[in-house]
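> sequence-free structure coming up:
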């Protein structure tokens with residue numbers, strides 16, 4: 001039972017779209033990631049995802065609308081909903097999702113992280 005300092009953990013991350021595990025809770029992973037640019041359109045058939053902005057802002061694109069998410073705000077993307085995060089500037093995000101969640105969901109490409117590192 002150790003506390004986690006988000007600023008210290010985020011300082012260890014210098015790349016984008018590569019989530020790191022920083023905690024576990026009831027079969028869920030708490031992850032930190034930095035976004036910049038556009039991610040891939042994808043969905044998660046069996047998992048909801050929570051995106052909490054620690055620093056910066058990004059836009060979650062859906063096929064029918066966009067939702068801006070700013071520092072101190074979070075967004076839950078329900079399972080089965082196709083989405084794509086887009087960040088014009090670097091943004092730091094905390095993710096809360098089942099441990100089995102693949103970052104690219106139903107898509108496998110060069111940004112797929114099968115086994116995220118733990119920091």
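In hand now; what should we look at? These numbers come from a predicted model, not from an experiment.
> using neighbour counts, pick out the buried residues of stretch 50-69.
Neighbour-count burial for stretch 50-69, counted by 16 or more other CB atoms under 10 Å, picks out 51-54, 56, 58, 60-61, 69. Using the backbone N, CA and C atoms, a C-beta is placed for each residue, glycine as well.
> and if you look at stretch 22-38?
With burial defined by 16+ other CB under 10 Å, the residues of stretch 22-38 counted as buried are 22, 28-36.
> check contacts around residue 45.
Residues in contact with residue 45 (CB atoms under 8 Å, 6 or more residues apart in numbering) are 79-80, 105-106.
> of those residues, closest to residue 89?
Of all those, residue 105 has the smallest distance to residue 89: 24.3 Å, by CB to CB.
> check whether that closest one really touches residue 43, as I assumed.
Yes: counting by CB atoms under 8 Å, residue 105 does reach residue 43; the two are 5.2 Å apart.
> ok, these two, which is more surrounded?
Set residue 105 next to residue 43 and count neighbours by other CB atoms under 10 Å: residue 105 wins out with 22 against 18.
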